[in-house]
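**Student:** sequence isn't available, so here's the structure alone:
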């Protein structure tokens with residue numbers, strides 16, 4: 001019986017097909033491995049990215065994350081190397097503090113300049129749907145007066161809400177933002193708030209303009225509606241509650257002492273006029289304070305409605321005048337950038353008796369990059385001695401969270417478009433990973449086996 005011999009060699013076409021199949025499978029799994037390595041964790045992905053406090057030299061970026069993570073932004077002009085700006089809590093610290101609320105102030109910028117930035121959250125970089133976020137600074141201007149909003153945020157346990165972010169909205173005005181300090185206090189200078197087109201300061205009524213406040217804590221939020229005549233300070237706001245103070249503001253009416261009775265019935269009692277407080281102070285800067293801004297904001301107190309003369313001694317002398325408001329507060333920003341080094345500011349006025357009242361402070365302007373100290377022109381700490389320029393992006397949205405209602409619920413919504421960050425694929429670390437070695441080895445085995453079958 002004749003035996004049938006089988007061919008000892010594998011057909012060439014079949015061998016090549018096996019080689020190509022092995023190569024394709026290896027490339028597929030290697031790509032899958034790389035894809036798995038660049039996926040961003042949803043717990044660290046920035047949400048509700050908002051741009052606030054847009055001024056001529058600064059702006060503020062805020063966002064939240066599901067879990068506590070570190071945060072920063074990378075910012076640059078159209079040409080130039082990006083710079084890393086830390087969260088406000090991390091200024092001057094070597095170790096970053098994880099948080100679910102992030103507040104990054106970007107200062108020492110140039111007026112009327114476009115800037116680009118990306119959000120760094122949990123060590124990963126996020127952009128705006130494949131391209132950097134964009135923001136343009138406003139033109140250089142000096143406010144004609146001083147007006148601030150301030151208040152205190154409390155937790156449901158009636159303790160200070162530390163690190164809560166306060167958003168304040170006015171009609172046709174960019175959003176203002178501040179972060180509460182260790183006592184739960186916040187402060188926003190409204191006089192520096194810009195119109196939505198950034199061409200001028202906001203033209204709002206100092207007494208009757210309706211303003212809306214949204215507070216975002218790490219776990220709870222709050223909302224309030226009131227007028228500008230009732231916002232310095234506002235009533236305490238407790239997280240988890242909504243407030244409508246429009247119907248709770250007391251009516252102001254003069255109270256006269258009772259007229260005397262008897263033979264002097266025609267005597268008219270005089271109206272009480274409060275004594276004028278002639279104390280002149282400079283709240284900021286403190287004596288010999290270091291300031292990380294070439295255009296700092298100076299402020300203090302003096303007699304109500306008093307014209308003040310201001311002089312700054314540096315390389316040359318800068319002179320200006322300003323007036324205190326109805327509360328006796330004043331603020332002023334030089335129209336020229338101050339050079340790095342030591343300076344002195346002197347504020348003075350002549351009282352009704354012809355006596356000259358004067359107060360001076362020495363301070364130091366730090367060179368760019370010399371310190372991580374926050375700038376006085378945009379300090380968002382919320383402390384009552386810190387005026388942070390407040391600004392808003394026309395493309396920022398604040399959506400009020402559903403919370404328990406203490407008084408009639410007030411919906412707080414800013415106009416604009418929400419900024420939705422997207423993860424930026426990161427470059428995998430250099431070197432050969434274990435899956436790559438594995439598939440390379442299998443490919444080599446298949447290649448050697450295929451060649452052996454074809455040739456032998």
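**Tutor:** Cool, the structure landed. Note that the coordinates shown come from a computational prediction; the quantities given were computed from them, not determined experimentally.

**Student:** okay, now residue 132: neighbour count?
**Tutor:** Number of residues near residue 132 (other CB atoms under 10 Å) recorded here: 17. Where C-beta positions appear, they are placed from N, C-alpha and C, glycine not excepted.

**Student:** so how far is residue 70 from it?
**Tutor:** According to CB to CB, to the nearest Å, residue 132 and residue 70 sit 20 Å apart.

**Student:** can you check residue 152 too?
**Tutor:** Relative to residue 70, and taking CB to CB, residue 152 is found at 28 Å.

**Student:** go on, residue 310?
**Tutor:** Applying CB to CB, the value for residue 310 to residue 70 is 41 Å.

**Student:** residues touching residue 145, list them.
**Tutor:** Applying CB atoms under 8 Å, 6 or more residues apart in numbering, one finds that residue 145 lies in contact with 191, 323, 325.

**Student:** helix/strand/coil for it?
**Tutor:** Judged by DSSP: H, G, I helix; E, B strand; the rest coil, the three-state class of residue 145 is coil.

**Student:** which outside residues touch stretch 318-332?
**Tutor:** For stretch 318-332, contacts defined as CB under 8 Å, 6+ apart pick out 142-143, 145-148, 189, 191, 232, 277, 297-312, 334-336, 347, 387.

**Student:** walk me through the domains of this structure.
**Tutor:** 12-38+433-455, 281-369 (automatic domain parsing).

**Student:** could you list the low-pLDDT ranges of the stretch 101-250 of the chain?
**Tutor:** Residue ranges of the stretch 101-250 of the chain with pLDDT under 70: 248-250.

**Student:** what ranges do the strands span in it?
**Tutor:** Here the stretch 101-250 of the chain has its strands, by DSSP state E, counting those that start in this stretch, at 114-121, 124-127, 133-136, 148-154, 165-169, 176-179, 185-189, 210-216, 221-227, 237-238, 242-244.

**Student:** those strands: which one's closest to residue 285?
**Tutor:** Nearest of the strands of the stretch 101-250 of the chain to residue 285, taken as CB to CB: strand 185-189 at 15.5 Å.

**Student:** each with direction, which strands does the closest one pair with?
**Tutor:** Using DSSP bridges, the strands paired with strand 185-189 in its sheet are strand 148-154 (antiparallel).

**Student:** who's in contact with the strand it pairs with?
**Tutor:** Strand 148-154 is contacted from outside by 160-161, 164, 166, 168, 176, 180, 183-191, 211, 213, 215, 217, 222, 228, 231-239, 329, 384, 387, using CB under 8 Å, 6+ apart.

**Student:** generate a PyMOL selection restricted to the buried subset of those.
**Tutor:** Selection of buried members from the contacts of strand 148-154 for PyMOL, criterion 16 or more other CB atoms under 10 Å:
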select buried, resi 160+161+164+166+168+176+180+184+185+186+187+188+189+190+191+211+213+215+217+222+228+231+232+234+237+238+239+329+384+387
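
**Student:** just the ones of the contacts of stretch 318-332 in strands?
**Tutor:** When DSSP state E defines the strands, the subset of those inside them is 148, 189, 298-301, 307-312, 347.

**Student:** which of these count as buried?
**Tutor:** Buried subset of those (neighbour count, 16+ other CB under 10 Å): 148, 189, 298-301, 308, 310, 312, 347.

**Student:** from those, which is closest to residue 340?
**Tutor:** Distances from residue 340 to these, taken as CB to CB, are shortest for residue 312 (14.2 Å).

**Student:** which one of the strands of the stretch 101-250 of the chain lies nearest to residue 287?
**Tutor:** Nearest to residue 287, of all those, is strand 185-189, at 21.3 Å by CB to CB.

**Student:** now the strands for the stretch 251-400 of the chain?
**Tutor:** So, for the stretch 251-400 of the chain - with DSSP E, counting those that start in this stretch - the strands run 281-284, 289-291, 298-301, 307-313, 317-323, 329-332, 341-350, 356-365.

**Student:** list the strands paired with the fifth one, with their directions.
**Tutor:** With DSSP bridges as the criterion, the sheet partners recorded for strand 317-323 are strand 307-313 (antiparallel).

**Student:** swap in the third one?
**Tutor:** According to DSSP bridges, strand 298-301 forms sheet pairs with strand 281-284 (antiparallel), strand 329-332 (antiparallel).

**Student:** looking at these, which is nearest to residue 245?
**Tutor:** Nearest to residue 245 among the strands paired with strand 298-301 is strand 329-332 (21.7 Å), distances taken as CB to CB.

**Student:** average pLDDT across the closest one?
**Tutor:** Mean pLDDT, computed over strand 329-332, is 86.
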